[in-house]
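Visitor: Sequence and predicted model, in that order:
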2 protein chains.
Amino acid sequence: MSKTLIIGASGQIGKMATKQLVTKGHKVVALVRDKAKLSDITSDHLEIVEADLEQDFSHAFKGCSNVIFAAGSGGSTGADKTMLIDLWAACKAADYAKTNTVSQFVMISSIGADDPAQGSDEMKPYLVAKHMADEHLINSGVPYTILRPGGLQNEEAKGGFQTTKPDSREQMVITREDVADALVFALGNKQLINAVYELFNGDQTLEQAFD
Amino acid sequence: MSKTLIIGASGQIGKMATKQLVTKGHKVVALVRDKAKLSDITSDHLEIVEADLEQDFSHAFKGCSNVIFAAGSGGSTGADKTMLIDLWAACKAADYAKTNTVSQFVMISSIGADDPAQGSDEMKPYLVAKHMADEHLINSGVPYTILRPGGLQNEEAKGGFQTTKPDSREQMVITREDVADALVFALGNKQLINAVYELFNGDQTLEQAFD
């Protein structure tokens, strides 16, 4: 049975996706820095691999046919970690995926990664990192699905989506739980291969939004 | 007559290359943030364009057939500037060069940019930026020459070179003046198109070292 590697499985979205997938009976390899952070998930379908994304983490890819990159350096660290995690670790993940002939790499990117120049001064370094990581994945030859969610919110899932840009900046948001749902929907979905989608809460089902 | 755009012409190496080229009768467009920094160079062959590398600087490329990227965020700034200048401005420069059908883009990269993982913790973010900028240039389709000098020194030019890695770390150095000489040598040299060279002081002439 195929296994899905989730990089950044102890992050908020990564953990939600991990829970959903093992509940559905998928085999998941969860790559985390500290396995204690996943102690609330117990499942026979879950294999935890501890690794540091700043080092070689290629061993985690063994036997995995799908990869989700849900890692991020987080808002509280400096641009050096943005360079090493959001950019470099993502590039390494794409390279490892290529070596392991992964059949789908789902990347959590960000709105604004298409054109970092339009971002605020504060966001620009992060958007450059996400842009270059996406570019590296696209050029890698690994089948990819790039999701670029709007501003992430912690509310409960709304269950409604849209992949077209809303009219107002206030609407360019989505809950983390909905992003996790979209990740699970995208996984193994051949129609979404080699495509880039922006993602917001809206009025459509996932099927409609990605059609 | 063809013009060469030097991006970062008021930096140490950029200024040396600018002086050499105008002295040789080349037409140079010097892109700087503050033209006062080039007030010591007066030449009919020099055209100064003031621009901010964090903004759109495509206007500087007009009529230029060659480009030298000698800009750098410098050691005293943070990783956010490394992201915005060493990586993003370099990528934009490659894109502008492509739009303007530039015939050669000479990039000053760095030793270690081939494999950032081997760099020190302090250097790694910078090496990732240089690696990704080089990768973007290579994939752009613009004819390129990438020079990766060793540790830069301020001594007088030694006039001897090598492009093979020296045995000891102490020898992996080169003076800025020698890098500027190598830049001028590389410019317009068709044998060096679409190639990447490490560069150190050594016992060879430029012709021998690049042969």
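Guide: Yep, it's here. Numbering: from 1, shown residues only, chains lettered A, B, ... in the order given.
Visitor: tell me which residues form a beta bridge with A:V49?
Guide: A:L31 (DSSP bridges).
Visitor: Quick check: the gap between it and chain B.
Guide: Using CB to the nearest CB, to the nearest Å, we find A:V49 at a distance of 19 Å from chain B. Any C-beta I mention is one placed from the backbone N, CA and C, and that applies to glycine too.
Visitor: same question, A:A79
Guide: Distance from A:A79 to chain B, by CB to the nearest CB: 4 Å.
Visitor: I'd like to know how many residues surround that residue.
Guide: 22 (other CB atoms under 10 Å in any protein chain shown).
Visitor: who's in contact with it?
Guide: If you count contacts by CB atoms under 8 Å, 6 or more residues apart in numbering or on different chains, A:A79 has them with A:125, B:78-80, B:82-83, B:125.
Visitor: where does chain A dip in pLDDT?
Guide: Counting by pLDDT under 70, the ranges of chain A that qualify are A:1.
Visitor: for the longest helix along it, which positions count as buried?
Guide: Identified as the longest helix of chain A according to DSSP state H is helix A:124-140. Neighbour counts over helix A:124-140 (16 or more other CB atoms under 10 Å in any protein chain shown) mark A:124-137, A:140 as buried.
Visitor: do the same with stretch A:89-97
Guide: Buried, per 16+ other CB under 10 Å, within stretch A:89-97: A:89-94, A:96-97.
Visitor: Closest one of the residues you listed to B:E47?
Guide: Using CB to CB, A:C91 comes nearest to B:E47 of these, at 37.8 Å.
Visitor: ok, the closest one - contacts?
Guide: A:132-133, A:136-137, B:132.
Visitor: again, only this time at 7 Å
Guide: A:133, A:136 (CB atoms under 7 Å, 6 or more residues apart in numbering or on different chains).
Visitor: so where does the nearest residue to A:V196 once chain neighbours are set aside fall, helix or strand?
Guide: Nearest residue to A:V196, sequence neighbours excluded (CB to CB, 6 or more residues apart in numbering or on different chains): A:I146, at 4.3 Å. Assessed by DSSP states H and E, A:I146 sits inside strand A:144-149.
Visitor: Check which helices and strands that strand is in contact with.
Guide: Here strand A:144-149 touches strand A:104-108, helix A:124-140, helix A:176-186, strand A:195-201, going by 3 or more CB pairs under 7 Å, 6 or more residues apart in numbering or on different chains; DSSP states H and E.
Visitor: Touching, A:P149 and A:Y197? I think so.
Guide: No: the pair A:P149 and A:Y197 does not pass the contact test of CB atoms under 7 Å, sitting 9.3 Å apart.
Visitor: neighbour-wise, which of these two wins?
Guide: A:P149 (25 against 18).
Visitor: Now do the contacts for A:E198.
Guide: By CB under 7 Å, 6+ apart, the neighbours of A:E198 are A:111, A:148, A:163, A:165.
Visitor: Selection in ChimeraX covering whichever of those are buried, please.
Guide: Remark: buried members of the contacts of A:E198, expressed as a ChimeraX selection using 16+ other CB under 10 Å:
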select /A:111,148,163
